[in-house]
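Engineer: only geometry, no sequence info:
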């Protein structure tokens, strides 16, 4: 199991310009991105034994992170399709 944070720029390395464009143009994207980073940091804290949590709590956070990542991926795909 990897205990490395899953940062957005690492999850979507090919979409750096789209990530930047969405951060500047979409308040909804900024909200999703901020929430993703918050959940991601909490998962990292749990996985590195900085913050205690049950296995169920960790799994819930991982599912939340995956859901946020899916939403972000959809926004990135739409951004790339519009050519912005």
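Structural biologist: Perfect, I can see it now. Remember, predicted model here, so these are calculated numbers, not experimental data. Residues are numbered from 1 along each chain as shown.
Engineer: Toward the C-terminus from the lowest-mean-pLDDT helix or strand in the chain, list the very next helix or strand.
Structural biologist: In the chain, no helix or strand scores lower on mean pLDDT, DSSP states H and E than helix 8-11, which sits at a mean of 91. Counting by DSSP states H and E, the next helix or strand C-terminal to helix 8-11 is helix 16-25.
Engineer: Which elements pack onto that next one?
Structural biologist: Contacts defined by 3 or more CB pairs under 8 Å, 6 or more residues apart in numbering; DSSP states H and E place helix 16-25 against helix 8-11, helix 27-47, helix 55-82. C-beta coordinates here come from the backbone N, C-alpha and C atoms, glycine included.
Engineer: And it, what's buried?
Structural biologist: 18, 19, 21, 22 (16 or more other CB atoms under 10 Å).
Engineer: From residue 42, how far out is residue 27?
Structural biologist: Residue 27 is 23 Å from residue 42, where distance means CB to CB, to the nearest Å.
Engineer: Neighbour count: those two, which is higher?
Structural biologist: More crowded of residue 27 and residue 42, by other CB atoms under 10 Å: residue 42, with 18 against 8.
Engineer: Which parts of stretch 69-84 count as buried, going by neighbours?
Structural biologist: Applying 16+ other CB under 10 Å to stretch 69-84 flags 69, 72, 75, 76, 79 as buried.
Engineer: how about JSON lines for the residues you listed, with pLDDT and distance to residue 48 added?
Structural biologist: Converted to JSON lines, those look like this (pLDDT from 0 to 100; distance: CB to CB, whole Å):
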{"residue": "69", "pLDDT": "97", "distance to residue 48": "20"}
{"residue": "72", "pLDDT": "97", "distance to residue 48": "24"}
{"residue": "75", "pLDDT": "96", "distance to residue 48": "29"}
{"residue": "76", "pLDDT": "95", "distance to residue 48": "28"}
{"residue": "79", "pLDDT": "87", "distance to residue 48": "33"}
